[in-house]
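> here are the coordinates; sequence isn't available:
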């Protein structure tokens, strides 16, 4: 569960320790680390992986293996939405987030099996923030993935959903909830998924083999930062959690979790190495939004 979330225009640190979930809002200034902190009793008593996200009204949404649950600030359960599980994939896990307007909880989860036991794919559901009622559902182009949501700092209608499928690669999707409809659009590419968001529409893409990061922004040249220019020899960028680094094992292939191994290592500070500018490849949904804002 430990990780960093971008919610309501601010970074939040999330941790679980000795049965307690802690969500802290990262301070904007250098005088302190956190400006506020909230805690909840961990609902996963068995220690299983969960994904959680603070909600605009002070509650906490938790996505587990079998259900999405909203917990009030006092720890009571507002509602629980049970769903299918991934029985054959121990690494698959769902995710949840409020939409930027704070009307629904968007949740990625396992989809149902068809009458013939076929599987169309994982699903994203829009759940009413107050009641947990299913308002809409969309089949995702991903299977048994590890999911994560990120919001843009300026809170446009889109949120970014990352689906990591190990050696099958990573898909990035822009998810919207507008006029009572759930929309899903592809973002980035299988070879360079988006792994980070910044102000003014900045997107950070990562080479699936870990060789570079790419900063993309509409109206500006792309900037590449090569792993060889900022990391020790044979180190690469991996995973989809900011700051995590692992050494590439001998003979490793390309793609997601299957391309890396070993423990996590800190990155020594070095000056980034920028390559020649490239043309922006911002997704159409973001380009259209930025043009409309001008």
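Right, received. Where do you want to start? Quick caveat: nothing in here was measured; it's all calculated off a predicted structure. Numbering: from 1, shown residues only.

> Assign a three-state SS to residue 228, would you?
Under DSSP: H, G, I helix; E, B strand; the rest coil, the three-state class of residue 228 is helix.

> same for the helix or strand residue 24 falls within, what does it pack against?
Following DSSP states H and E, one finds residue 24 within strand 20-26. Judged by 3 or more Cβ pairs under 8 Å, 6 or more residues apart in numbering; DSSP states H and E, the packing partners of strand 20-26 are strand 10-17, strand 34-41, strand 51-54, strand 60-63. For every residue, glycine as well, the C-beta is placed using N, CA and C.

> and it with strand 34-41, angle?
Relative orientation of strand 20-26 versus strand 34-41 (axes from the mean of the first three to the mean of the last three Cα atoms, to 10 degrees): 160 degrees.

> Need the residues that contact strand 20-26.
Residues from elsewhere that reach strand 20-26 (Cβ atoms under 8 Å, 6 or more residues apart in numbering): 1, 10-16, 33-42, 52, 54, 60, 62.

> returning to that earlier point: dump the helices and strands packed on strand 20-26 to TSV, plus mean neighbour count, distance to residue 206 and mean pLDDT.
Shown next, in TSV, are the helices and strands packed on strand 20-26 (neighbours: other Cβ atoms under 10 Å; distance: least, Cβ to Cβ, whole Å; pLDDT from 0 to 100):
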stretch	mean neighbour count	distance to residue 206	mean pLDDT
strand 10-17	16	19	82
strand 34-41	13	27	84
strand 51-54	24	20	88
strand 60-63	24	23	92
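
> would JSON lines of those with distance to residue 172 be doable?
Shown next, in JSON lines, are these (distance: least, Cβ to Cβ, whole Å):
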{"stretch": "strand 10-17", "distance to residue 172": "20"}
{"stretch": "strand 34-41", "distance to residue 172": "29"}
{"stretch": "strand 51-54", "distance to residue 172": "17"}
{"stretch": "strand 60-63", "distance to residue 172": "18"}
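
> mind checking which of those is nearest residue 93?
strand 51-54 (6.3 Å; Cβ to Cβ).

> Okay, now the sheet partners of that closest one, with direction.
Partner strands for strand 51-54, per DSSP bridges, with pairing direction: strand 60-63 (antiparallel).
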